[in-house]
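> Based on what follows, work out the 3D shape:
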Amino acid sequence: MNIHFIAIGGSAMHNLAIALQQKGYTVTGSDDEIFEPSKSRLAAYRLLPPEEGWIPERITAKLDAVILGMHAKEDNPELIRARQLGLKIFSYPEYLYEQSKDKLRIVIGGSHGKTTITAMILHVLDKAGIDCDYMVGAQLEGFDVMVRLTEESPYMIFEGDEYLTSPIDKRPKFHLYKPHIALLSGIAWDHINVFPTFENYLEQFIQFIRLIEPGGTLIFCCEDPELSKICPESRNDIEIIPYGPPDYNIKQGITWLEFGKKNYPLQIFGHHNLLNLNGARSVCKLLNISDVTFNEAISSFKGASKRLELIANNDMWAIYKDFAHAPSKVKATIQAVKEQYPDRKIIACLELHTYSSLSEGFLHHYGGAMDEADCAFVYFNPHAVQLKRLPEILPGQIKSGFKRPDLETFNDSKKLQERLLEEPGKNSIFLFMSSGDFDGMDLSIHSSKSGTLHSNL
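Residues are numbered from 1 along each chain as shown. Here you go, the predicted structure:
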């Protein structure tokens, strides 16, 4: 098979390109800009385009298929050429479905927790020696490529993103996978540039449920109010399984999973993560994995990248980073840290980075989200606001939206870091939350013998 990628540099696209090459396909690609880590990874597999830009001459009748990435535009010259030649054109999710039509498909969806639940399932399956194909949206420890496609595996596990499919297909990605087993972790309005009302956003999940294969299974978090409304009686031709949190306790900074007469130490923590754990358990049960096998395997799960990831710690302080950006996830993440470290000062830093979070009309949804932090800082880059063609936002609007008068706002990452270094490090937890990277701010804050903080910059 000869496959060409238009916009091969995307985080998902380049992983699929590598996976197809590993399957024995001949893969080529183009892009007008390729950033790290995609650039180095494509180069390592000899898939990096020899030059940047769109070159229609690369599109020939010898291609079996063209895969179109979201980064490309509808007037892309390579796309126009592919259409002229009558080539098969797939979006990223369409091609994943094409590769998994004969497998049992498991799709993990929801506004939050998708990556973690998918990672948990993959971790347990690996420990249990069960072969599966997969697609995950974030880099996981122990996995080189985040897409795996084989002929042999009976299962395909998808992280089901609700964002748009491609420039020429405005369906949410997870509408294309047609699961036999579907899990929904929760619904919290996001992507307001695509789904302008909550009702419109909710409808995407209702449609997802309609697309579960007849005779399939829907697993949902019963703590989520929206899912509790739409899931229980949504269909009579599928099995519907609710899940809630497991029993657990916290001793000396370690969360223990209580199951029967045995306790299992966990490397993850927080109510939200424990809900994720039981969601993953529900999926694994359907794959004939026993509770004992699951508990023993999950005990060694360290978490997905940037999901309450421990950056550094000592006896006096710890630094975590998390992907949280939606209001409900910010609140849940802070609560998780507070529960795990009840005697420590929680210093929470949030970067407003997404279209939703940088929109003045959405800011009020953050009301109370950072209340449980002892100190709360919010950072945003005015240039990011401009790039998204949004109106200017002011510190007063952010404070009003968060409903926290003592909230400190910053639009310069160096000034934020200087302010953080003024905080006594002793007996503190520093929590950085963002879907970005605080514009490259160094999170490696270190402690001196006196317990004060300094940066290695």
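
> For the most centrally placed residue in the chain, give me phi and psi.
For the chain, the residue nearest the mean C-alpha position is Thr115 (4.7 Å; C-alpha atoms, centre = their mean). With angles defined as degrees, to the nearest 10, Thr115 sits at phi -60, psi -40.

> mind listing what it touches?
Thr115 makes contacts with Val136, Gly137, Ala138, Glu159, Ala304, Arg307, Phe323, as judged by C-beta atoms under 8 Å, 6 or more residues apart in numbering. Where C-beta positions appear, they are placed from N, C-alpha and C, glycine not excepted.

> same thing with Arg344?
Counting by C-beta under 8 Å, 6+ apart, Arg344 touches Trp317, Asn427, Ser428, Ile429.

> go on, Ser299?
With contact taken as C-beta under 8 Å, 6+ apart, Ser299 is in contact with Leu257, Tyr264, Pro265, Leu266, Gln267.

> just Val292 next, same as before
Going by C-beta under 8 Å, 6+ apart, Val292 touches no other residue.

> Would you mind listing the buried residues in stretch 222-237?
Glu223, Asp224, Glu226, Leu227, Ile230, Cys231, Ser234 (16 or more other C-beta atoms under 10 Å).

> I should have written stretch 414-427 there, sorry.
Residues Leu416, Gln417, Leu420, Glu423, Gly425 are the ones in stretch 414-427 that count as buried (16+ other C-beta under 10 Å).

> export the residues you listed to TSV and tack on pLDDT, distance to Ser11 and secondary structure?
Rendered in TSV, the data for the buried residues of stretch 414-427 read as follows (pLDDT from 0 to 100; distance: C-beta to C-beta, whole Å; DSSP: H, G, I helix; E, B strand; the rest coil):
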residue	pLDDT	distance to Ser11	secondary structure
Leu416	93	26	helix
Gln417	91	26	helix
Leu420	90	28	helix
Glu423	85	33	coil
Gly425	77	34	coil
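
> which residues in the stretch 1-150 of the chain form helices?
For the stretch 1-150 of the chain, helices defined by DSSP state H, counting those that start in this stretch occupy the ranges 11-22, 38-44, 77-84, 92-99, 114-128.

> In JSON lines, list those along with distance to Lys170 and mean pLDDT.
Below are those laid out as JSON lines (distance: least, C-beta to C-beta, whole Å; pLDDT from 0 to 100):
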{"stretch": "helix 11-22", "distance to Lys170": "17", "mean pLDDT": "94"}
{"stretch": "helix 38-44", "distance to Lys170": "25", "mean pLDDT": "94"}
{"stretch": "helix 77-84", "distance to Lys170": "15", "mean pLDDT": "97"}
{"stretch": "helix 92-99", "distance to Lys170": "12", "mean pLDDT": "96"}
{"stretch": "helix 114-128", "distance to Lys170": "20", "mean pLDDT": "95"}
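
> so which of those helices comes closest to Asp437?
When the helices of the stretch 1-150 of the chain are compared by C-beta to C-beta, helix 11-22 sits nearest Asp437, at 13.6 Å.

> Relative to the whole chain's centre, how far out is the closest one?
Helix 11-22 sits 18 Å away from the centroid of its parent chain (C-alpha atoms, centre = their mean, to the nearest Å).

> Name the residues of it that are buried.
The neighbour-count check on helix 11-22 (16+ other C-beta under 10 Å) flags Ala12, Met13, His14, Asn15, Leu16, Ala17, Ile18, Ala19, Leu20, Gln21, Gln22 as buried.

> try stretch 436-443
Gly436, Phe438, Asp439, Met441, Leu443.
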